[in-house]
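>>> Fold the following.
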Amino acid sequence: MNAKAVTNEYAKMRHRQIGLIIALLAVSASALTAYTSLGSGLLDRLDDPDGFGWKVMFGGLGMGVSLVAPILLAVLASRQVEIEHTGNGWLSSSTAGLTPGQMCRAKFIALGGLVILATIAWGAALIGFGAAIGIESPIPGGRWTAYIGALIVINLAVLAFHILLSAKIENQLVCVGVGIAGILIAMFSQILPDWISHLTPWGYYALTIQSAYVGTEPVYFDLPYFSVLGLAVVGGGLFLAITGRFDRQEA
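Below is the predicted model:
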């Protein structure tokens, strides 16, 4: 990847409100998780030896991510790609030797690094929140790490999809509309068969939820490692293949 192309993408972010969107991504899911956890009686069971507090925060994070990540990732990709459509950036970059496919990969690397940091912030903020309010059971560090890693893969897959969609469709309202549809898919996938959830990247938000109520108590679920790995391999392969086709077409 052309390092200069990635640097140019960061320069384009200055007037695209990318920093604000990343901040919303980092803060909103964590805030929703804290709010729903407190509403679940977290403060009344801080001394629960079975880790009630951590379980409700796992479930709250899954819900919060499903509500905010699809639309914010859509807006993030749309804002970064829109400038190429409005400013004839595809053609001007092509004359400088930078193909549309290379530009899409540069956008993914530039935005992807910020998305990874925002996702890590979810885990760090919630661990800090749980420790600050006094949850007495041990922090499930391994489970948190695995879950945040899975969310990074899912977020990057959704981001890659929206970069390709925004590059192909000039009307960015369509792309944002797809992001809104992604919220519905992520939410309804929680009650759909797993095989249906595997068909879209948004369905993986439901597949990887780590805790939910069974009866009156929250319980942990196993993380579907192979499903997340499959998303990474298939999603990455498709992104490279499609941007490779962009390389061979005229801007």
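>>> all contacts plus neighbour counts: C-alpha atoms, from now on.
Noted.
>>> what element comes up after the lowest-mean-pLDDT helix or strand in the chain heading to the C-terminus?
Across the helices and strands of the chain, mean pLDDT, DSSP states H and E gives its lowest value to helix 89-95, namely a mean of 70. Downstream of helix 89-95, the next assigned helix or strand under DSSP states H and E is helix 100-133.
>>> can you pull the buried residues of that following helix?
100-112, 114-116, 118-123, 125-127, 130 (16 or more other C-alpha atoms under 10 Å).
>>> With stretch 219-226 instead?
For stretch 219-226, the neighbour count (16+ other C-alpha under 10 Å) marks Val219, Tyr220, Leu223 as buried.
>>> Got phi/psi on Thr212?
Not quite, residue 212 is Ala, not Thr. phi -160, psi 160 (degrees, to the nearest 10).
>>> hmm, back to that, quick one: which of the buried residues of stretch 219-226 is nearest Ser92?
Nearest to Ser92 out of these is Leu223 (C-alpha to C-alpha; 45.2 Å).
>>> Assign a three-state SS to the closest one, would you?
Taken by DSSP: H, G, I helix; E, B strand; the rest coil, the conformation at Leu223 corresponds to coil.
>>> Not counting sequence-adjacent ones, nearest residue to it?
With C-alpha to C-alpha, 6 or more residues apart in numbering as the criterion, Leu223 has its nearest non-adjacent residue at 5.8 Å, and that residue is Thr208.
>>> Could you check how many residues crowd around that neighbour?
21 (other C-alpha atoms under 10 Å).
>>> for the one 3 residues further on, same thing?
The number of residues packed around Ser211, counting by other C-alpha under 10 Å, is 20.
>>> Just list the residues touching it, thanks.
Lys55, Val56, Phe58, Gly59, Pro218, Val219, Tyr220, Phe221 (C-alpha atoms under 8 Å, 6 or more residues apart in numbering).
>>> Do you know the pLDDT at the fifth one?
Taken from the predicted model, the pLDDT recorded for Pro218 is 86.
>>> can you count the residues close to it?
There are 20 residues near Pro218, going by other C-alpha under 10 Å.
>>> Next, it: phi, psi?
phi -80, psi 140.
>>> State the distance from it to Phe52.
According to C-alpha to C-alpha, to the nearest Å, Pro218 and Phe52 sit 7 Å apart.
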